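Enquirer: Take this sequence and fold it.
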Amino acid sequence: MSRALVIGLPTAVVSAALYGIAPLVQARAARREEESSGLGLALLARLVLRPLWLIGLAVEAGSFLLEVYALSVAPVAMVAPVMALDMIVFTLLAQRVLGENISLTGWLGVVAMVGGIGLLAFAFTRRAEVGSSASTDVLLAFLVLGLVFALLCASLANLAAVREMVAGAAFGFGAAAGVSYAIATLATRQIGLAVNERREGQSTLVDLLTTPTPYVLVLFSVLALGLQQRGLQGRAAVIAFPVTSGVSAFLPVTLGLTLFSEPAPDGVRRAAFIVAMVLVAAGIAALGRDRMAADRSVDELESVLRPTPDDRGLGDGVAPLDGRPEVVEPSEAEPGQPARARDEAASNARTGTVAHRSGMSKNL
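Expert: Model (predicted):
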C-alpha cells in the first residue's frame, strides 16, 4: 500500500476534522463578546486577547500544517475531496455543542460523503503519486485569471442582487468564492510539494518566498472569505454554500489530473473514483441544505427573541407603532424549548460562524 494511503489519507482526515472543530471553539469565544458591527475588526481585536479564541486559531494552524503534509505525500485529487469532511465534523459537533438538530437529509449527506471517501481510498490503492509542481508562469496565470473570474462573478452577482435575482446572486458569489478557495488549495499544494522536495534535499522552504505561492495563498484565502460571507448574506444562501463547497473540492481535482500530471485511476478504480466524486458532491449538497436550513431556523428564533414594546418603553397594553403583532419575551419559554436553549441558539446566530476551508482561514 502506498504512502499516500497509509499516511496522506489519515493526515487529510485529521486535518479536515480540525478544520471542522476550530469554528465551534472560536464561536463559543465570540458569543461571550458584545455584538459588533461593520467589518468586525473591533470584535477581532478583543478576541485576540481571549485564550479560548486563540485555542481555536491554534487548531486552525495545526490543521493547515497537516493539510500541507498530506499534500506532500498524496495527490490533490485525493486530498481535496477528503477535506470536505470538515462539514461532517462541524455538523456533528454543532448538534452536540450548540444543540442543533440534523435532518434526515443531513444524515444522508453524511453517509454519502463517508461512502465516497471510502471509494476514493480504493481508487488510489495502486497509483497515488503527487505529480508535478506548478511553474511560476502557471501560478501567475492562476493569479490573473482567478482575480478576473472572481471579480466578474462578483460584479454579476451584485447586479443580480440589485435586480432581486436571489438565486443568480447566490450562485455568482458561491462560484467566485469556490474558485478562490480552489486556487488557495493549489497554493497549499505547492507548499506541500516544497516540503517533499525539502525532504529529498532538492530545495529549501525559504525558496518559496521568491515564488508567487505564499502571496497567492494569502490573497485568495482573504478574497474567498469575503465572497463567501457576501453569498451567505443573501436569502438563497442554501445555493451559495454548496456551490462554494463543490467548486472548491472538485476544481483542484480536475487541475491535478489534467495540468499537474497526477495519475488518474484506471479500470474498475476509475469507475470507483467517478462514483466517489458523485457521492461526495451529493453529500456536500445535502449537508449544505441542512446547514442553511438550521441557520434559517435560528434566524426565525432570533426574530422571536427581539425586544417587546414594553422593552422599548411603550408600557403595558400599548400596541406596537408599526402594527405588527407582539413578540414573545426571551424569558418566556415556549413548549418543548427551554429558554436557555433558545437564548444560546440566538446568540450563536449573531456570531455568523460557518465552517469552510480557505487555507489558514475557515471562519466566515
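Enquirer: Could you report the neighbour count for residue 85?
Expert: If you count neighbours by other Cβ atoms under 10 Å, residue 85 ends up with 24. No exception for glycine: its C-beta is placed from N, CA and C like everyone else's.
Enquirer: Repeat that for residue 148.
Expert: Residues lying near residue 148 (other Cβ under 10 Å) number 10.
Enquirer: for the helix or strand hosting it, packing partners?
Expert: Secondary structure from DSSP states H and E places residue 148 in helix 136-162. Applying 3 or more Cβ pairs under 8 Å, 6 or more residues apart in numbering; DSSP states H and E, one finds that helix 136-162 makes contact with helix 166-199, helix 213-232.
Enquirer: Any chance of the ones you listed in TSV with distance to residue 289, mean pLDDT and mean neighbour count as columns?
Expert: Formatted as TSV, those follow (distance: least, Cβ to Cβ, whole Å; pLDDT from 0 to 100; neighbours: other Cβ atoms under 10 Å):
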stretch	distance to residue 289	mean pLDDT	mean neighbour count
helix 166-199	13	85	24
helix 213-232	14	80	22
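Enquirer: Mind putting those helices into JSON lines with distance to residue 140?
Expert: Shown next, in JSON lines, are the helices and strands packed on helix 136-162 (distance: least, Cβ to Cβ, whole Å):
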{"stretch": "helix 166-199", "distance to residue 140": "12"}
{"stretch": "helix 213-232", "distance to residue 140": "9"}
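Enquirer: what angle sits between the helix holding residue 148 and helix 166-199?
Expert: Helix 136-162 and helix 166-199 are oriented at 160 degrees to each other (axes from the mean of the first three to the mean of the last three Cα atoms, to 10 degrees).
Enquirer: What residues of helix 136-162 count as buried?
Expert: Of the residues in helix 136-162, 138-139, 142-143, 146-147, 150, 153-154, 156-157, 160-161 count as buried by neighbour count, 16 or more other Cβ atoms under 10 Å.
Enquirer: Let's test this: mean pLDDT of it, rounded?
Expert: What helix 136-162 shows for mean pLDDT is 89.
Enquirer: Out of the helices and strands packed on helix 136-162, which is closest to residue 60?
Expert: Residue 60 lies closest, by Cβ to Cβ, to one member of the helices and strands packed on helix 136-162: helix 213-232, at 11.4 Å.
Enquirer: The helix or strand following the closest one vs helix 213-232, what angle?
Expert: Using DSSP H and E, the helix or strand that follows helix 213-232 towards the C-terminus is helix 237-258. Between helix 237-258 and helix 213-232, the angle comes out at 150 degrees (the same axes, to 10 degrees).
Enquirer: so what secondary structure elements neighbour helix 237-258?
Expert: Counting contacts by 3+ Cβ pairs under 8 Å, 6+ apart, helix 237-258 packs against helix 76-83, helix 166-199, helix 213-232, helix 268-304.
Enquirer: Adding distance to residue 108, write those helices out as CSV.
Expert: Output for the helices and strands packed on helix 237-258, formatted as CSV (distance: least, Cβ to Cβ, whole Å):
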stretch, distance to residue 108
helix 76-83, 18
helix 166-199, 22
helix 213-232, 23
helix 268-304, 5
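Enquirer: which one of those lies closest to residue 65?
Expert: For residue 65, the closest of those is helix 166-199, at 9.7 Å, according to Cβ to Cβ.
Enquirer: quick one, that closest one and helix 76-83 angle?
Expert: 120 degrees.
Enquirer: hmm, back to that, tell me the one of the buried residues of helix 136-162 nearest residue 267?
Expert: Residue 267 has its nearest neighbour among these in residue 138, at 30.2 Å by Cβ to Cβ.
Enquirer: and that closest one, what does it touch?
Expert: By Cβ atoms under 8 Å, 6 or more residues apart in numbering, the contact set of residue 138 is residue 259.
Enquirer: again, but for residue 259
Expert: 134, 138.
Enquirer: repeat for residue 219
Expert: By Cβ under 8 Å, 6+ apart, the contact set of residue 219 is residue 143.
Enquirer: closest one to residue 266 among the helices and strands packed on helix 136-162?
Expert: The nearest among the helices and strands packed on helix 136-162, by Cβ to Cβ, is helix 166-199 at 22.6 Å.
Enquirer: Would you mind measuring from the closest residue in space to residue 151 that isn't next to it in sequence to residue 284?
Expert: In space, and not counting its chain neighbours, residue 151 is closest to residue 176: 7.9 Å by Cβ to Cβ, 6 or more residues apart in numbering. Separation of residue 176 from residue 284 (Cβ to Cβ, to the nearest Å) stands at 17 Å.
Enquirer: And residue 113, by the same measure?
Expert: Counting by Cβ to Cβ, the gap from residue 113 to residue 284 is 7 Å.
Enquirer: Quick check: neighbours shared by those two?
Expert: What both residue 113 and residue 284 touch, as defined by Cβ under 8 Å, 6+ apart, is the set 84, 87.
Enquirer: For the closest residue to residue 133 other than its chain neighbours, list the residues it contacts.
Expert: Distances taken as Cβ to Cβ, 6+ apart place residue 193 nearest to residue 133, at 4.4 Å, with adjacent residues excluded. Residue 193 makes contacts with 71-72, 130, 133, as judged by Cβ under 8 Å, 6+ apart.
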